[in-house]
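> Dropping the sequence and predicted coords here.
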Amino acid sequence: MTRDSQYNLAYRRRRSGRTDYGKRRQLVLSGLPRLIVRPANKHITVQVIEAKAEGDVVLAAAHSSELKKFAWKGPGGNVPAAYLTGRLAGHRAKGKGIGKAVLDIGTRPVTTGSRLFAAMNGAVDSGMEIPHGEGTVLSKERLRGEHIAAYGKLLSEKPDSYQKRFSTYLKHKLKPEEIPAHFDEVSEKIAHSSEKKA
């Protein structure tokens with residue numbers, strides 16, 4: 001390690017790659033709450049957070065495990081689940097009078113068609129205004145999981161591979177080919193639930 005007097009040690013969270021303080025500063029200075037999307041292997045978390053002097057305040061949030069309340073049978077970490085979680089968080093934010101936010105994906109790389117933008121699409125479809133480019137808008141087919149259904153149909157000719165690859169779906173009595181229709185049902189339940197609370 002350098003011993004130069006001009007050397008500045010980066011913050012711990014920056015050294016570990018968990019926070020980009022430059023990007024965070026720009027988002028905070030926008031004056032809008034941040035729509036924070038944090039995916040994991042099996043789940044995804046979406047939060048609407050406001051930065052205050054005493055620390056961040058969570059205004060609304062949703063976790064993909066909550067989708068079970070709306071009869072979701074699929075995994076909690078795929079693209080359709082990310083969209084539904086974002087939509088749920090968006091409806092909750094709207095219910096609290098929060099209509100605008102900026103997307104915060106942390107240190108994750110920008111990848112077209114990713115779960116990060118699926119969650120953002122869900123929040124936008126809930127009625128929130130979130131600045132975004134055309135490249136971050138996923139097709140309806142991908143959001144509904146039609147790519148999963150197509151892959152499931154392809155693998156159905158290989159029973160062993162099909163069973164191994166889609167064990168989580170089949171465990172909950174959901175065939176991957178049925179994902180798009182199942183997605184539509186759950187999405188409608190989330191929208192209907194928010195209408196009842198409004």
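In hand now; what should we look at? Residues are numbered from 1 along each chain as shown.

> Show me the strands in this structure, by range?
34-39, 44-52, 55-63, 102-104 (DSSP state E).

> now the last one: how far from the chain's centre is it?
When you say that, I think you mean strand 102-104. The chain centre lies 11 Å from the centre of strand 102-104; the measure is Cα atoms, centre = their mean, to the nearest Å.

> Partner strands of that strand and their direction?
Applying DSSP bridges, strand 102-104 is found paired with strand 34-39 (parallel).

> how many neighbours does residue 56 have?
Taking other Cβ atoms under 10 Å as the criterion, the count of residues near residue 56 is 14. Where C-beta positions appear, they are placed from N, C-alpha and C, glycine not excepted.

> Please name the nearest non-neighbouring residue to the spatially most central residue of the chain.
Geometric centre of the chain, nearest residue: residue 119, 3.3 Å, by Cα atoms, centre = their mean. Excluding the flanking residues, the one nearest residue 119 by Cβ to Cβ, 6 or more residues apart in numbering is residue 86, at 3.4 Å.

> Now do the helices in this structure.
Along the chain, the segments classed as helices by DSSP state H run 12-15, 21-29, 79-95, 115-125, 140-143, 146-155, 159-165, 167-171, 179-197.

> I'd like to know which of those is closest to residue 55.
The closest of those to residue 55 is helix 21-29. By Cβ to Cβ, the value is 12.0 Å.

> can I assume residue 129 is in contact with residue 98?
No - the pair residue 129 / residue 98 is not scored as a contact, 10.1 Å apart, by Cβ atoms under 8 Å.

> Of the two, which one has the most company?
Higher neighbour count among residue 129 and residue 98: residue 98, with 18 against 12, using other Cβ under 10 Å.

> isn't the more buried one right next to residue 57, touching?
No - look at residue 98 against residue 57 with Cβ under 8 Å: they stay out of range, at 11.6 Å.

> Give me the pLDDT value at the nearest residue to residue 105 once chain neighbours are set aside.
Leaving aside its chain neighbours, residue 105 sits nearest to residue 116 (4.8 Å; criterion: Cβ to Cβ, 6+ apart). Listed pLDDT for residue 116 reads 96.

> swap in residue 193?
For residue 193, the model assigns a pLDDT of 87.

> Give me the below-cutoff pLDDT ranges for the protein.
Applying pLDDT under 70 to the chain picks out residues 1-5, 7, 9-24, 196-198.

> try it again with 50
In the predicted model of the chain, residues 1 satisfy pLDDT under 50.

> tally of neighbours for residue 141?
Applying other Cβ under 10 Å, we find 12 residues neighbouring residue 141.

> surely it meets residue 147?
Yes - between residue 141 and residue 147 there is a contact under Cβ under 8 Å: 7.3 Å.

> Report the contact partners of the residue nearest to the centre of the chain.
Contacts for residue 119 (Cβ atoms under 8 Å, 6 or more residues apart in numbering) come out as 35, 37, 39, 44, 46, 82-83, 85-86, 89.
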